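Visitor: Got a sequence here, can you build the structure:
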Amino acid sequence: MESQVMNNNEEIEIDLGEVFHLLISKLGIIILSGIILGLVSIVGTMLLITPQYESTTKMFVLSKQDSNTLTNQDMQTSTLLTKDYAELIKSRTVTEGVIAQLNLKMRHEDLLKKLTVETPTDTRIISIIVKDPDPYTASEIANAVRDVAAGHIQQVMDIEAVNVVDTANIPSEKSSPSLTKNGAIGGLLGVFLAIAVILIVYITNDTIKTPEDVDRYLGLSVLGNIPLMDTEKKSKKQKARARRK
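Guide: Modelled structure (predicted):
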């Protein structure tokens, strides 16, 4: 019997209508929390995250069986080998060759973090993308990777030539971070945190405020209400202020 009462006491009833009205009444606080955290995210992005610039160069690799003719088999073979070319571009031979050529103060692993090689489906064009805080350095590294990789691919795969489709551009706008994206994420996080705090306070607050709470939590009926006189309200406020002091 006691355990049954205990289980009943531990149950928490939530009035969804009351929760909805509570959130509506706290809408200003929720919006303000989202705005504040969104601004904090934007300022933090500007102060703490180094902008990155992205430069892209493209190359075309074609394996030919005969230097005078181009067959359908050559095209299919080149498409199948595109992923192999991408792995050769990211090889240590290429990265260390670029580091030596440009006299960069970084390791093979550091350059790989800046380097992205994309091989779109059903194409023989390979995109080499480099990110760096300096747009000129990003362009310089991308072109160097393409040139060194071209020689390495020709040597390893025994093909005739690697053609340049696009020379690496000098980016004028940063690719990351995005102030808009980070601000939006921070704003949404602020809204969710505010809602979570409001709901937690609501659920954990078991004080009796209305006659309905007496019936809900204690299972007792209220015979009547005794309103406070204005003088009693004032005296209670004064006592509360005196206690704070």
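
Visitor: Distance check, residue 131 against residue 61.
Guide: As for residue 131, its distance to residue 61 is 23 Å (criterion: C-beta to C-beta, to the nearest Å). No exception for glycine: its C-beta is placed from N, CA and C like everyone else's.

Visitor: The two: which is more packed in?
Guide: Neighbours were counted for residue 131 and for residue 61 using other C-beta atoms under 10 Å; residue 61 has more, 23 against 19.

Visitor: partners of that one in the sheet?
Guide: Following DSSP bridges, residue 61 is listed with bridge partners residue 162.

Visitor: so where do the strands sit in the protein?
Guide: 53-61, 115-118, 125-132, 162-166 (DSSP state E).

Visitor: angle of the third one against strand 162-166?
Guide: Right, strand 125-132. 60 degrees (axes from the mean of the first three to the mean of the last three C-alpha atoms, to 10 degrees).

Visitor: Out of the strands of the chain, which gets nearest to residue 145?
Guide: For the strands of the chain, proximity to residue 145 was assessed by C-beta to C-beta; strand 125-132 is nearest, at 5.4 Å.

Visitor: buried residues in that closest one?
Guide: 126, 127, 128, 129, 130, 131, 132 (16 or more other C-beta atoms under 10 Å).

Visitor: how near is the nearest residue to residue 131 once chain neighbours are set aside to residue 45?
Guide: Nearest non-adjacent residue to residue 131, counting by C-beta to C-beta, 6 or more residues apart in numbering: residue 52, 4.6 Å away. As defined by C-beta to C-beta, residue 52 lies at a distance of 12 Å from residue 45.

Visitor: same deal with residue 139?
Guide: Relative to residue 45, residue 139 is positioned 24 Å away (criterion: C-beta to C-beta).

Visitor: what domains does the record give for the chain?
Guide: What the record gives for the chain is the domain set 11-46+178-239, 53-166, from automatic domain parsing.

Visitor: Least reliable of these by average pLDDT, please.
Guide: By mean pLDDT, the lowest-scoring of these turns out to be domain 11-46+178-239, with a mean of 77.

Visitor: Which residue ranges of this structure form helices?
Guide: Taking DSSP state H to define them, one finds helices in the chain at 2-10, 16-25, 27-48, 72-80, 82-89, 92-102, 108-114, 135-157, 179-204, 211-213, 230-244.

Visitor: Determine which stretch of the ones you listed is the most buried.
Guide: Burial of the helices of the chain is given as mean neighbour count (mean count of other C-beta atoms under 10 Å); helix 135-157 ranks first at a mean of 20.

Visitor: so what's in contact with residue 52 and residue 45 at the same time?
Guide: Listed as contacting both residue 52 and residue 45 by C-beta atoms under 8 Å, 6 or more residues apart in numbering are residue 177.

Visitor: How about the contacts made by residue 136?
Guide: By C-beta under 8 Å, 6+ apart, the contact set of residue 136 is residue 170.

Visitor: what's the spacing between it and residue 95?
Guide: With the distance defined as C-beta to C-beta, residue 136 ends up 19 Å from residue 95.
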